[in-house]
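Trainee: My questions concern the predicted model and sequence given below.
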Amino acid sequence: MRLRRQGIMIDRLLDLLNSLAWKNDSQVSDCKGTRGTEILYLWVAEASGPVVQSDLVIGLHRKLTDLCFELEKSGENMSTLDATRAELALAILFLNKAEARDKICRAIQYGSKYLSNGEPGTAQNVDKTTSLARKVFRLFKFVNDLHALISPTPQGTPFPIVALGKSKNALMSTFLFLDQFVWLQRTGIYKNKEGAELIGKVSLYCWMAGSTCTSLIEVAELGRLSASMKKIEKKLNNTDKYQNEEYLLKLKKANDRTLALVKAVMDLGVAAGLLQLAPNKLTPRVVGGLGFLSSLISCYQLLPSPPKTKTP
């Protein structure tokens with residue numbers, strides 16, 4: 001859900017931290033309470049993209065920790081939900097550093113599946129070993145969607161989109177949580193093979209349903225963006241719309257949403273293929289091809305935003 005906005009969000013988060021975390025005690029107390037911490041941790045969750053360099057993540061974590069101590073010393077008590085969201089936000093800062101490596105491994109995994117086409121050999125061995133390695137990267141990753149599930153949505157978002165978004169968060173969090181048991185079984189820690197296979201199948205159904213929710217969300221958001229862009233075009237009359245910053249911003253969002261929709265549909269096909277819902281059409285080669293292309297899109301989405309050009 002981030003789609004190359006990490007650079008902008010990092011800049012804004014740094015501005016926010018600089019304005020809050022390094023002020024004196026009386027000024028820090030101004031940002032205490034539910035509203036202040038809510039804004040802060042929402043920024044953290046949005047800005048903690050996997051492209052953030054590790055030293056920057058550590059720096060942000062330290063600043064946030066210092067600010068938390070200042071807020072705690074001020075005597076303001078947070079609700080249990082706020083405290084949970086705060087802890088999850090800090091956990092996301094740490095856990096998301098493995099995201100880029102996971103997507104690269106995913107491309108290798110599904111590329112190998114495409115080459116092997118389900119036949120024994122080197123390519124299939126690479127597919128299986130990389131799949132197992134990726135599960136290590138995803139340990140405790142379910143907290144990302146759990147955090148999004150209990151966090152408030154932007155004001156003005158239509159209820160159907162909110163419902164789909166929360167459903168997606170719940171499904172993806174469940175998928176990632178259950179997938180850990182598959183890893184435990186494959187490493188020999190969890191001995192119940194039949195139970196692990198059942199859990200693995202349920203987790204894949206959750207992934208497929210979550211990808212369906214993502215697809216519907218992107219379609220709905222594209223519809224909203226299209227209507228908004230048409231309104232801007234009417235206001236501009238004969239003026240070149242490509243010279244209008246607001247229109248260009250909407251156009252970029254629409255392009256990002258379209259790319260996310262394509263990826264979600266591909267992931268839906270991959271999940272259906274792994275569940276063997278249509279074995280004649282979704283062969284291992286087709287599933288591998290869809291997964292490989294989806295992985296390339298994910299890697300593209302994780303690329304840093306281009307540097308800002310500052311006018312003198």
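Mentor: Great, that's in hand.
Trainee: which ones are touching Ala254?
Mentor: Leu222, Leu225, Ser226, Met229 (Cβ atoms under 8 Å, 6 or more residues apart in numbering). Where you see a C-beta, it was placed from the backbone N, CA and C, and this is true even at glycine.
Trainee: what about it, distance to Glu221?
Mentor: 9 Å (Cβ to Cβ, to the nearest Å).
Trainee: Likewise for Leu184?
Mentor: For Leu184, the distance to Glu221 - Cβ to Cβ - is 37 Å.
Trainee: now swap in Lys231 and tell me
Mentor: 16 Å.
Trainee: Among those two, which residue is more densely surrounded?
Mentor: Legend: neighbour count by other Cβ atoms under 10 Å for Lys231 and Glu221, higher for Glu221 (19 against 11).
Trainee: all helices in this structure, in order from the N-terminus.
Mentor: 6-20, 25-28, 33-47, 54-73, 80-95, 99-116, 122-137, 142-150, 159-186, 193-236, 245-274, 284-301 (DSSP state H).
Trainee: hmm, back to that, please indicate which of the contacts of Ala254 are buried?
Mentor: Among the contacts of Ala254, those classed as buried by 16 or more other Cβ atoms under 10 Å are Leu222, Leu225, Met229.
Trainee: could you dump these to TSV with distance to Gly111?
Mentor: Listed next are the buried ones among the contacts of Ala254 as TSV, based on distance: Cβ to Cβ, whole Å:
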residue	distance to Gly111
Leu222	29
Leu225	33
Met229	37
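Trainee: quick one: which of those is nearest Lys103?
Mentor: Leu222 (23.6 Å; Cβ to Cβ).
Trainee: Check the gap between that closest one and Phe137 for me.
Mentor: Distance from Leu222 to Phe137, by Cβ to Cβ: 31 Å.
Trainee: Adding mean pLDDT, write the helices of the chain out as CSV.
Mentor: Below are those laid out as CSV (pLDDT from 0 to 100):
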stretch, mean pLDDT
helix 6-20, 45
helix 25-28, 36
helix 33-47, 45
helix 54-73, 53
helix 80-95, 64
helix 99-116, 90
helix 122-137, 90
helix 142-150, 91
helix 159-186, 94
helix 193-236, 94
helix 245-274, 94
helix 284-301, 94
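Trainee: Quickly list the domain ranges of this protein.
Mentor: If you go by automatic domain parsing, the domain ranges for the chain are 6-94, 99-301.
Trainee: what's the span of the last one, first residue to last?
Mentor: Across its full length, domain 99-301 reaches 11 Å between end residues, using Cα to Cα, to the nearest Å.
Trainee: Alright, calling it a day.
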